[in-house]
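In: Mind looking at a prediction? Sequence and model below.
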Amino acid sequence: MITCSVWWATPVDDTAAHRELLTDVELDRFGAYVKPADRRRFLTGRVLAKTVVARHLGRPARDVVFDASCDDCDKQHGPPRVPGSDLELSISHSGERIGLALTPGAKVGLDVEATTRRADDGLLEYALSPAERSAVSGLAGADRAREFFRYWTGKEALMKATGKGLRIPLTSLTLSAPGMPPRLVSSEDPALAPDTARLAALSPGEGYDASVAVLTGEELDVTENWWSPAALGH
């Protein structure tokens, strides 16, 4: 059994105390965002991740330093890793929701999306495999949108877990039909296979959909928690 803890947060205030947890490289990334909302989401993701990882490692959050080396260019803008630890983590954010998924020793991917976008035919063509489009073709607008975001977040989570992201075409993956437990049914990409990928739907709150994926052949035990700086301290 592989355990996966998921933590949800809303954007924290941009304060000196929160910025103190960021390295110089992270501060550069923080400052590169043009919109204040984007800066707060990035800041929240790092503060959330460092306080949760610190609790797992039994050290102060200010002592947690991530390695975010990109596999393609080695710059510090890739998924964060924890040097010297078997912890794997994934951060995702959309709108007023920031999430962190954490697992011991198994690659993990998290995706959260605000469910405000309409699931029109163009979006279905872009994201869904032929079998998935057939599965949602007879659904009414609200039901079709709900199932679309289930597919979308599940695929994004799986692709993030591999580290390849959108280099894996969305249409190359087929997930289980509406009404069935979420799982990867088939994959045309060698980075993902149904027998070594686990998927779970999450509950990030009204107006959002989310999924977490873990690359393992074992059963998956997922817990969800709400986080606040006051609750955990840093």
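Out: Arrived safely, thanks for sending.
In: Give me the below-cutoff pLDDT ranges for the chain.
Out: Along the chain, segments meeting pLDDT under 70 span 71-78, 230-234.
In: Show me where it has its strands.
Out: Using DSSP state E, the strands of the chain run over residues 2-9, 87-94, 97-104, 108-114, 173-175, 184-187, 198-202, 208-214, 220-226.
In: what angle separates the fourth one from strand 97-104?
Out: Read that as strand 108-114. With axes from the mean of the first three to the mean of the last three CA atoms, to 10 degrees as the basis, strand 108-114 and strand 97-104 are set at 170 degrees to each other.
In: Parallel or antiparallel, list what pairs with strand 108-114.
Out: Next to strand 108-114 in the sheet, as set by DSSP bridges, lie strand 208-214 (antiparallel).
In: And the partner strand, how far out from the chain middle?
Out: Distance of strand 208-214 from its chain centroid, counting by CA atoms, centre = their mean, to the nearest Å, is 6 Å.
In: Next, the buried residues of stretch 199-214.
Out: Going by neighbour count (16 or more other CB atoms under 10 Å), the buried part of stretch 199-214 is 199-200, 202, 204, 208-214. Glycine gets a C-beta too; all of them are placed from N, C-alpha and C.
In: Quick one: end-to-end length of that stretch, please.
Out: End-to-end distance of stretch 199-214 (CA to CA, to the nearest Å): 7 Å.
In: Kindly report the same for stretch 88-104.
Out: 6 Å.
In: Which residue, other than its chain neighbours, is closest to R118?
Out: Leaving aside its chain neighbours, R118 sits nearest to A145 (6.8 Å; criterion: CB to CB, 6 or more residues apart in numbering).
In: I figured the one you found hits A114, correct?
Out: No: taking contacts as CB atoms under 8 Å, A145 lies outside contact range of A114: 11.8 Å.
In: Comparing these two, which residue is more hemmed in?
Out: In this view A145 and A114 are compared by other CB atoms under 10 Å, and A145 has more residues nearby, 20 against 15.
In: Run through the bridge partners of L184.
Out: Applying DSSP bridges to L184 yields these beta-bridge partners: L175.
In: All set now, cheers.
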